[in-house]
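Novice: missing the sequence, but the structure's below:
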């Protein structure tokens, strides 16, 4: 069975048998895995992350076969911190997105985020927005301007995140809390507000942690190594 052409990005690829590659793809129809034959030829040169592709797949099983693979746009050339940020997005999708579960709006958001990374836009707002969109698409999202009881978040209040429920107001100071003013700034995507970016990073880490199963993210470790390594 041959599917109609689809937009796609390669999330990851690795050698498979003698001359093939096993590729993880992100398409509007979901995350798919496919075998790319003759991966040392022209198609293999296209099977790299961040390049917009048009693809046709064959097969009824979860493991498809690439029937056609062509470039479909300008490559998103990422280097340095934007490169590691893109690898981070890819790893999140591989780890969290169920196979063959369509998310066309998330696909569009991913494509736009890659373009913004390639254009040199500030990294932190792009990453936090994508993490939030991914959680929301997977059904793990929560309100930022109301607590788990539906009460509006108070700017002078303190809140903790219960990942399965939402935000809960607390009275006693404890590690990992969020100020209401920070949460309200995040609800408005006001990244210029004091503490907003730092709070968003902590909040997304707390929200993502239960769904990552305790396994560290390879891209995050690579990024930390890159930041710590001496550079000219």
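Specialist: Noted; the coordinates are in hand. Owing to the predicted nature of the structure, the values given are computational and were not obtained by experimental measurement.
Novice: mind giving me the domain ranges of this protein?
Specialist: What automatic domain parsing lists as the domains of the chain is 6-71, 80-228.
Novice: and the residue nearest the centre of this structure?
Specialist: Most central in the chain under CA atoms, centre = their mean is residue 89, positioned 3.3 Å from the mean C-alpha point.
Novice: so which residues of the protein form strands?
Specialist: Read by DSSP state E, the chain holds these strands, from start to end of the chain: 6-16, 20-27, 30-36, 53-58, 63-71, 158-162, 166-170, 178-179.
Novice: okay if I get those strands as a markdown table plus mean pLDDT?
Specialist: Rendered in a markdown table, the data for the strands of the chain read as follows (pLDDT from 0 to 100):
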| stretch | mean pLDDT |
| --- | --- |
| strand 6-16 | 93 |
| strand 20-27 | 94 |
| strand 30-36 | 94 |
| strand 53-58 | 94 |
| strand 63-71 | 91 |
| strand 158-162 | 97 |
| strand 166-170 | 97 |
| strand 178-179 | 96 |
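Novice: right, so of those strands, which gets closest to residue 199?
Specialist: With distances scored as CB to CB, the stretch of these nearest to residue 199 is strand 178-179 (5.6 Å). Bear in mind the C-beta positions are built from the backbone N, C-alpha and C, glycine included.
Novice: just how off-centre is the closest one within its chain?
Specialist: Its chain's C-alpha centre and that of strand 178-179 lie 24 Å apart, by CA atoms, centre = their mean, to the nearest Å.
Novice: what strands line up against that strand, and which way round?
Specialist: Strands flanking strand 178-179 in the sheet, each with its direction: strand 158-162 (antiparallel) (DSSP bridges).
Novice: all helices for this protein, in order.
Specialist: Counting by DSSP state H, the chain has helices at residues 42-46, 80-96, 104-118, 123-137, 180-187, 196-212, 218-228.
Novice: how near is residue 59 to residue 42?
Specialist: To residue 42, residue 59 is 21 Å away according to CB to CB, to the nearest Å.
Novice: wait, residue 131
Specialist: Note on residue 131: its distance to residue 42, by CB to CB, is 35 Å.
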